[in-house]
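> Provided below for reference: sequence and predicted model.
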Number of protein chains: 2
Amino acid sequence: MADGFDLESFLPYRLNRAAELISLSFSREYKQRFQMTRPEWRALAALGSVGRMTATEIGTHSNMHKTKVSRAVAALEERRWLKRRENETDRRVEHLELTAAGLKAYREISDLAQAYQASLEQALGAGAVERIEAGLADVERALMSKRR
Amino acid sequence: MADGFDLESFLPYRLNRAAELISLSFSREYKQRFQMTRPEWRALAALGSVGRMTATEIGTHSNMHKTKVSRAVAALEERRWLKRRENETDRRVEHLELTAAGLKAYREISDLAQAYQASLEQALGAGAVERIEAGLADVERALMSKRR
DNA sequence: TCGAGATGGTTGCAAGTGTAACCATTGATT
DNA sequence: AATCAATGGTTACACTTGCAACCATCTCGA
């Protein structure tokens, strides 16, 4: 069926397949150990690396839908890994920050993540990860400008 | 919080973010127009480009869970876009192939996909897509060998 | 100061998903 | 031939997700 279209070189497809594969591979490392979903880990990581943020900020930072963020934050709060602080001047927003326990968890999981990334870099060779990430950044930039 | 871990350069995270972005961006192009889910489009694309396949083959080819494939195939059949043919020598397997209507749909959507990819290539510059895909292939290879 | 719209965040609901258990069939071992 | 494991595929169930509708609060202009 030679009609010019090749799924195998269609970027959305390729990107998704690689992302699913890597995501699956890494999530196995923490899902069992920390009983945490991916959105929760993402929110934790954002808070851990950036510090105090609002829910909306977490959403834009990690490109998650606001309901995902909302539920992830609720779950982390339930675990006492984060607390909410109200903003004096605008009572709609809530500042979120990790508790001591949350920070501890963040450190453990980010250690895991670093080890994972290191093993990937090892397998891929020097500079490969940087090159790939540069490419991804280009894609994101292109999509963002496409949007409007 | 300088602790050595930077979410922004963590490959699983970056890959997922880019994939979600591009997937969202492209699915808008066909979801409304063809009322089709992503697994259905994937199965259709696999069948359209490869030709006759079994469900398992579609699964490995496009890296989809077999239940996803099963449901996508059922949906496509419901629409009369594919038909099942039994295998004489092994009655467990079913050969799947597109009907004329299915092929027509495939052509329309793959035209859309080609146009989409062309606009991306335009925005990204010559060779960029190939470089990115080469990087993705490396990642997949690394993950596959990691697995065992 | 009042109301209309914008913004931060949550929730109800319907649809999509993975896991595990399942049915049917085949292949290998005896 | 009889059995048991392996394989192709479907389905029941619980969980996750996105959309839309929602509540509360804030902003801006008449």
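That came in fine, so what should we check first?

> how about the residue most central in space within chain A, what does it touch?
For chain A, residue A:42 is the residue whose C-alpha lies nearest the centre (C-alpha atoms, centre = their mean; 4.0 Å). Contacts for residue A:42 (C-beta atoms under 8 Å, 6 or more residues apart in numbering or on different chains) come out as A:58, A:62, A:64, A:72, B:13. (C-beta placed from N, C-alpha, C; glycine too.)

> rerun that using 10 Å as the cut-off
Residue A:42 is in contact with A:36, A:58, A:61-64, A:68-69, A:72, B:7, B:13, B:16-17, counting by C-beta atoms under 10 Å, 6 or more residues apart in numbering or on different chains.

> repeat for residue A:35
Per C-beta under 10 Å, 6+ apart, neighbours of residue A:35: residue A:79.

> hmm, try it at 8 Å
Per C-beta under 8 Å, 6+ apart, neighbours of residue A:35: none.

> gap between it and chain B?
Using C-beta to the nearest C-beta, to the nearest Å, residue A:35 is found at 19 Å from chain B.

> kindly report the same for residue A:123.
On the measure of C-beta to the nearest C-beta, residue A:123 and chain B end up 4 Å apart.

> tell me where chain A has strands.
Per DSSP state E, chain A carries strands over the ranges A:53-54, A:82-86, A:94-98.

> among those, which comes closest to residue B:127?
strand A:53-54 (37.7 Å; C-beta to C-beta).

> and that closest one, which strands flank it?
According to DSSP bridges, strand A:53-54 forms sheet pairs with strand A:94-98 (antiparallel).

> what inclination does the partner strand have with respect to strand A:82-86?
Counting by axes from the mean of the first three to the mean of the last three C-alpha atoms, to 10 degrees, strand A:94-98 lies at 150 degrees to strand A:82-86.

> can you point out the buried residues in strand A:94-98?
A:94, A:96, A:98 (16 or more other C-beta atoms under 10 Å in any protein chain shown).

> please apply the same query to stretch A:109-118.
By neighbour count on 16+ other C-beta under 10 Å, the buried set for stretch A:109-118 is A:109-110, A:112-113, A:116-117.

> for stretch A:97-110, same thing?
Result for stretch A:97-110 [16+ other C-beta under 10 Å]: buried residues A:98, A:102-103, A:105-106, A:109-110.

> contacts only, for residue A:99.
A:80-83.

> out of those, which end up buried?
A:81-82.

> what is the nearest of the contacts of residue A:99 to chain B?
Taking C-beta to the nearest C-beta as the measure, chain B lies nearest residue A:82 of the contacts of residue A:99, at 14.1 Å.

> in chain A, where is pLDDT below threshold?
Low-confidence regions of chain A, defined by pLDDT under 70, span residues A:1-3, A:146-148.

> now with 50, please.
A:1-2, A:148 (pLDDT under 50).

> who in it is up against DNA strand C?
A:54-57, A:66-67, A:69-71, A:73-74, A:92-94 (C-beta under 7 Å from any atom of the strand).

> including distance to residue B:140, could those residues go into a markdown table?
Shown next, in a markdown table, are the residues of chain A next to DNA strand C (distance: C-beta to C-beta, whole Å):
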| residue | distance to residue B:140 |
| --- | --- |
| A:54 | 36 |
| A:55 | 34 |
| A:56 | 34 |
| A:57 | 33 |
| A:66 | 32 |
| A:67 | 31 |
| A:69 | 29 |
| A:70 | 33 |
| A:71 | 31 |
| A:73 | 33 |
| A:74 | 35 |
| A:92 | 44 |
| A:93 | 41 |
| A:94 | 40 |
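
> which of those residues are buried?
Counted by 16+ other C-beta under 10 Å, these give A:54-55, A:57, A:69-70, A:73, A:94 as buried.

> now the two most distant members of these.
A:57 and A:70 (13.2 Å).

> who touches both of the two?
Common neighbours of residue A:57 and residue A:70 (C-beta under 8 Å, 6+ apart) do not exist.
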